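Asker: just to be clear, the model below is a prediction. Sequence and coordinates:
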Amino acid sequence: MLIWAVRLVRTGVERGFSNQLRFWLRHSEMNRFISAGTGLGAAVLLQSSTAVAVMTSGFIAKRGLAAATGLAILLGADVGSAIVSQILVVRLPLLIPLLLLFGVAVFSNAGTSTFRQVGRVLIGLALIFVSLDMIRAATGPLVADPATQTVMSYLSEDLISAFLIGAIFAWLVHSSVAAVLFFVTLAGQGVLPPIAAASMILGANLGGAFIAYFLTISSPVIARRVVIGNLAIRGSGAALAAAIIAAAPELLETLGTSPDRQAINLHLAFNVIIAVLALPFVSLIMSIIESLVPDKPVPENGSLVKSALDDSALDRPRRGLDCVARELLGMGQKIENMLLAVEPLYDAWDADAAQVIRAQNKAVGDNHLEVKLYLARLAENGLDEELSKRSMELASISTSLVSGSDAISRIMVQLAKEMHSQNVRFSERGREEIGDFSDRVQNNVQLALNVMLNQNPAEARELVAAKEKVRKVERKLQRKHLERLRDGLSESMDTSNIHQETLRALKQINTAFSMVGYPILEETGDLMKSRLA
């Protein structure tokens, strides 16, 4: 319940406020201490430094953040995660029914998705407190158990094993917050000796840093360097701190009077000290990481991917349609990579990157043709009404994805090239608007890929609702641009057409991916046949 409740809070914040968090992280480059503060705040809201690390690596991948800024954000996020643990370990029995009451009421009666997520967060917080009370109750009888005493006595003497157990447990549950709360609760119940609890807490810091490493292992090298840097700092710091505590266990007494308070204060003190010591040197650290983790050369045949369209499934229509769905997912992932790669071209033209985007667009077009031919061959064997409808839906989604791919390759790339040839730049405010709008669209693209994979009606509804939000935001940004033109801002005049066409292209891409949700909502009866009053 503890692991699930922590995830419940995190997903609630991500679903309800991801765009605001992305905006917040993106605009945190003023100095490294503000960046760290931004990471701290985001981690407190998400109750996860890992989620902040994944979001930050995404910005760095598309060159929306400098690597040193990203590392500062991650260091702050580690402190934020430790602060969350401090808050959640406090016992407030009266708070549990209040959180559940208000959480369920808000979740059940909210008129918008955002308020539903607020209810989800409140319910999650209540369940965290409930789960911790249940752990205390369940572990109470273990204190007097001879077998437990033997194991804990061993861990007190073998601190390396305790450290590794803490690291492995945090990685397995994919939450350093949940792991720390669990160890602190055991220490408070007298099950874990203070020295063993301290080693396991420090091990959980290493395991927590490894979570982000594995989640971003397929990301571009430029994004992974920041996660690797944070892993190196946090991991080596945890090992050093564990060695110091083993040599001088009396230091724990300065952190509190009870074992649980010593453990939780050690977790916070460790992350604060690491952040304070490392922040002045983030640029140097990233330079060292860059030399140790160079860019990987892309093999000439790196773009060749085996098709999911299996000819042997043609005589089994349902399986054949599943193959088409897998192929569409691959097309969507290609377009997502194209969208990540195109925005940096507005700031600095790169002919090689533009050529890669055009090649990806051609590959998406080829996939679309193969999908159409495959569906036609499936229909030759005869499809019942249900499968025929599914075939038409997949063909429609494929057509929509191609239109999104074309919007990137034929419109956005060309607009970026025009900016380069004309030697013009967006105004500072205009560039921020393009970047924020692009972040919103990218978030919806990722949601669409999830919906393609899991066919979740709730997420499909969220995806289609986001289409209307994007339409309203695009109109609002167009009005702001016209206001700058009326004010006579020269940069806005020079890039007026490019700015407006870029917004329209991004809206077209969002619309293309939103089509993924319509068949699901039509099946569940959540889709109106017409928007006409």
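Answerer: Arrived safely, thanks for sending.

Asker: please parse this structure into its domains.
Answerer: The chain breaks down into these structural domains: 2-292, 311-524 (assignment by automatic domain parsing).

Asker: point out the most buried one among those.
Answerer: Per residue and on average, the most neighbours among those fall to domain 2-292, with a mean of 20 (mean count of other CB atoms under 10 Å). Just so you know, the C-beta spots here come from the backbone N, C-alpha and C atoms, and that holds for glycine as well.

Asker: how far off centre is it?
Answerer: Centroid displacement of domain 2-292 relative to its chain, using CA atoms, centre = their mean, to the nearest Å, is 16 Å.

Asker: picking up where we left off before, will you turn the domains of the chain into a markdown table that also has mean pLDDT?
Answerer: A markdown table is the format used below for the domains of the chain (pLDDT from 0 to 100):
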| stretch | mean pLDDT |
| --- | --- |
| domain 2-292 | 85 |
| domain 311-524 | 87 |
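
Asker: and stretch 370-390, end to end?
Answerer: Stretch 370-390 has an end-to-end distance of 17 Å (criterion: CA to CA, to the nearest Å).

Asker: now stretch 21-40
Answerer: End-to-end for stretch 21-40, by CA to CA: 12 Å.

Asker: try stretch 271-290
Answerer: End-to-end distance (CA to CA), stretch 271-290: 24 Å.

Asker: list the contacts of that stretch.
Answerer: Applying CB atoms under 8 Å, 6 or more residues apart in numbering, the contact partners of stretch 271-290 are 32-33, 36, 67-69, 71-72, 75-76, 78-79, 81-82, 205, 225-226, 228-229, 232-234, 237.

Asker: skipping its backbone neighbours, what lies nearest residue 417 in space?
Answerer: residue 349 (6.5 Å; CB to CB, 6 or more residues apart in numbering).

Asker: which residues does that neighbour contact?
Answerer: By CB under 8 Å, 6+ apart, residue 349 lies in contact with 416, 417, 419, 420.

Asker: now those residues in TSV, with distance to residue 183 and secondary structure?
Answerer: Shown next, in TSV, are the contacts of residue 349 (distance: CB to CB, whole Å; DSSP: H, G, I helix; E, B strand; the rest coil):
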residue	distance to residue 183	secondary structure
416	50	helix
417	55	helix
419	54	helix
420	55	helix
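
Asker: quickly name whichever of the residues you listed is closest to residue 426.
Answerer: Proximity of the contacts of residue 349 to residue 426, judged by CB to CB, is greatest for residue 419, which lies at 8.0 Å.

Asker: how much space is there between that closest one and residue 427?
Answerer: Separation of residue 419 from residue 427 (CB to CB, to the nearest Å): 13 Å.

Asker: need the residues touching each of these two.
Answerer: Common neighbours of residue 419 and residue 427 (CB under 8 Å, 6+ apart) are residue 495.

Asker: which secondary structure elements does the helix or strand that residue 504 is a member of contact?
Answerer: Assessed by DSSP states H and E, residue 504 sits inside helix 496-514. Under the contact definition 3 or more CB pairs under 8 Å, 6 or more residues apart in numbering; DSSP states H and E, helix 496-514 sits against helix 317-342, helix 385-406, helix 413-422, helix 428-454, helix 457-486.

Asker: a markdown table for those helices, including distance to residue 494?
Answerer: What follows is the helices and strands packed on helix 496-514, written out as a markdown table (distance: least, CB to CB, whole Å):
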| stretch | distance to residue 494 |
| --- | --- |
| helix 317-342 | 20 |
| helix 385-406 | 26 |
| helix 413-422 | 7 |
| helix 428-454 | 10 |
| helix 457-486 | 11 |
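
Asker: returning to that earlier point: adding distance to residue 179, write the contacts of residue 349 out as JSON lines.
Answerer: Formatted as JSON lines, these follow (distance: CB to CB, whole Å):
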{"residue": "416", "distance to residue 179": "45"}
{"residue": "417", "distance to residue 179": "50"}
{"residue": "419", "distance to residue 179": "48"}
{"residue": "420", "distance to residue 179": "49"}
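
Asker: give the helix, strand or coil label for residue 315.
Answerer: Three-state assignment for residue 315 (DSSP: H, G, I helix; E, B strand; the rest coil): coil.

Asker: check contacts around it.
Answerer: With CB under 8 Å, 6+ apart, residue 315 has these contacts: residue 381.

Asker: against residue 309, how distant is it?
Answerer: Distance from residue 315 to residue 309, by CB to CB: 14 Å.

Asker: also residue 212?
Answerer: Residue 212 is 35 Å from residue 309, by CB to CB.

Asker: same deal with residue 398?
Answerer: Distance of residue 398 to residue 309, computed by CB to CB: 12 Å.

Asker: how about residue 508?
Answerer: Distance of residue 508 to residue 309, computed by CB to CB: 27 Å.

Asker: hang on, the earlier thing: tell me which of the helices and strands packed on helix 496-514 approaches residue 192 most closely.
Answerer: Taking the helices and strands packed on helix 496-514 one by one with CB to CB, helix 428-454 is closest: 38.2 Å.

Asker: other SSEs contacting the closest one?
Answerer: Packed next to helix 428-454, using 3+ CB pairs under 8 Å, 6+ apart, are helix 2-26, helix 317-342, helix 457-486, helix 496-514.

Asker: out of the ones you listed, nearest to residue 131?
Answerer: That would be helix 2-26 among the helices and strands packed on helix 428-454, by CB to CB, at 3.9 Å.

Asker: next secondary structure after that closest one?
Answerer: helix 32-46.

Asker: that following helix vs helix 2-26, what angle?
Answerer: 140 degrees (axes from the mean of the first three to the mean of the last three CA atoms, to 10 degrees).

Asker: name the helices or strands packed onto helix 32-46?
Answerer: So helix 32-46, by 3+ CB pairs under 8 Å, 6+ apart, packs with helix 2-26, helix 49-61, helix 67-88.

Asker: export those to CSV and tack on distance to residue 132?
Answerer: Formatted as CSV, the helices and strands packed on helix 32-46 follow (distance: least, CB to CB, whole Å):
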stretch, distance to residue 132
helix 2-26, 7
helix 49-61, 20
helix 67-88, 7
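
Asker: thinking again about what came up before, which SS state does the residue nearest to residue 417 fall under?
Answerer: coil.

Asker: that one and residue 416, how far apart?
Answerer: Distance from residue 349 to residue 416, by CB to CB: 6 Å.

Asker: check residue 131 too.
Answerer: Distance from residue 131 to residue 416, by CB to CB: 50 Å.

Asker: also residue 213?
Answerer: 33 Å.

Asker: again, but for residue 267
Answerer: Counting by CB to CB, the gap from residue 267 to residue 416 is 46 Å.

Asker: what's stretch 493-500 in contact with?
Answerer: 415, 418-419, 422, 424-427, 430, 434, 478, 481, 485, 492.

Asker: go again using 10 Å as the cut-off
Answerer: 346, 412, 414-416, 418-419, 422-427, 430-431, 433-434, 474, 477-478, 481-482, 484-485, 489, 491-492, 502 (CB atoms under 10 Å, 6 or more residues apart in numbering).

Asker: for it, output the C-alpha coordinates as PDB.
Answerer: What follows is stretch 493-500, C-alpha atoms only, in PDB (Å, rounded to 0.1, in the frame of the first residue of the first chain):
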ATOM      1  CA  MET A 493       7.500  41.700 -37.200                       C
ATOM      2  CA  ASP A 494      10.500  40.000 -38.700                       C
ATOM      3  CA  THR A 495       9.300  36.500 -37.600                       C
ATOM      4  CA  SER A 496       5.600  37.100 -37.700                       C
ATOM      5  CA  ASN A 497       4.700  34.500 -40.300                       C
ATOM      6  CA  ILE A 498       7.200  31.900 -39.000                       C
ATOM      7  CA  HIS A 499       5.800  32.300 -35.500                       C
ATOM      8  CA  GLN A 500       2.200  31.900 -36.500                       C
END
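
Asker: perfect, that will be all.
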